[in-house]
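Student: Have a look; sequence and predicted model below, questions after that.
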Amino acid sequence: MSLEVPLSDQPEAVAKLESLLSVLIPGRITIMDGLGNTYEVSTSFTAGKQYRFNKLLKDKLSEHPGLVGILSAGSTDMKVVIGVLVSASTDPQVIRALSEAFELLHPDVLEKAKASAESIVTADVEAVGLAGALFGIEELVKAIVPFVLRQIRGMIEPMLPLVKAAAGMSSSTPK
């Protein structure tokens, strides 16, 4: 599968990318703990927190062979992606990494959830971290992915005018 976009289609592709990024990345999202309590969390953080988050995920997840395989191969085969996601969601190392990332990004929410929990299963905390013991995997991911997408958008957006200009110049070039 090729990701190349013909020059004639680039302005439309850029517009779609801008639209997609604006929809996928809200400023705040709502997550729910295992008891049904809801929390509103930000998807924007300081450079220092971004650095610690990126380093943490790189260090933790780069050792997970399935995730490394998808990232390095750029696999779009849905069977492969689903297999890796199922594998990752049953791997305590991956859940612990998500838990630690959540704890880094949302310590105030974690404290509120901890305070409202009647009890926390110690074995769960030891296996998957405190956030993993209080929130479902999908809630951990939901609280982290928009932040990652925001970083990607922040790197792509400054280049969009250049891509538009280049596409405009190429479409006006004589054939």
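Tutor: Done, it's in. Residues are numbered from 1 along each chain as shown.

Student: what pLDDT does residue 108 get?
Tutor: Residue 108 is assigned 94 on the pLDDT scale.

Student: Within the helices and strands, which one has it?
Tutor: helix 107-116 (DSSP states H and E).

Student: Buried residues in that helix, which are they?
Tutor: 109-110, 113 (16 or more other C-beta atoms under 10 Å). From N, CA and C alone the C-beta is placed, and that goes for glycine too.

Student: What helices and strands are in contact with it?
Tutor: With contacts taken as 3 or more C-beta pairs under 8 Å, 6 or more residues apart in numbering; DSSP states H and E, helix 107-116 sits against strand 38-42, helix 122-134.

Student: In the last one, which residues have enough neighbours to count as buried?
Tutor: This points to helix 122-134. So, applying 16+ other C-beta under 10 Å, buried residues of helix 122-134: 128-134.

Student: repeat for stretch 147-164
Tutor: Buried, per 16+ other C-beta under 10 Å, within stretch 147-164: 147-151, 153, 163.

Student: Now it: average pLDDT?
Tutor: pLDDT averaged over stretch 147-164 gives 73.

Student: This protein: strands as residue ranges?
Tutor: Taking DSSP state E, the strands of the chain run over residues 28-32, 38-42.

Student: Switch these over to TSV; also include mean pLDDT.
Tutor: Formatted as TSV, those follow (pLDDT from 0 to 100):
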stretch	mean pLDDT
strand 28-32	90
strand 38-42	92
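
Student: re the thing from before, which of the helices and strands packed on helix 107-116 has the lowest mean pLDDT?
Tutor: helix 122-134 - the lowest mean pLDDT of the helices and strands packed on helix 107-116, at a mean of 85.

Student: got the angle between it and helix 107-116?
Tutor: 130 degrees (axes from the mean of the first three to the mean of the last three C-alpha atoms, to 10 degrees).

Student: okay, helix 122-134 in PDB with CA atoms only?
Tutor: Once non-C-alpha atoms are left out, helix 122-134 reads as follows in PDB (Å, rounded to 0.1, in the frame of the first residue of the first chain):
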ATOM      1  CA  THR A 122      -2.700  -4.900  45.500                       C
ATOM      2  CA  ALA A 123      -2.000  -7.700  43.000                       C
ATOM      3  CA  ASP A 124      -3.500  -5.500  40.200                       C
ATOM      4  CA  VAL A 125      -1.300  -2.500  41.200                       C
ATOM      5  CA  GLU A 126       1.800  -4.800  41.200                       C
ATOM      6  CA  ALA A 127       0.900  -6.300  37.800                       C
ATOM      7  CA  VAL A 128      -0.200  -3.200  35.900                       C
ATOM      8  CA  GLY A 129       0.400  -0.100  38.000                       C
ATOM      9  CA  LEU A 130      -1.900   2.100  40.000                       C
ATOM     10  CA  ALA A 131      -3.700   3.700  37.000                       C
ATOM     11  CA  GLY A 132      -4.100   0.300  35.400                       C
ATOM     12  CA  ALA A 133      -5.800  -0.900  38.600                       C
ATOM     13  CA  LEU A 134      -8.200   2.000  38.700                       C
END
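
Student: Many thanks, I have nothing further to ask.
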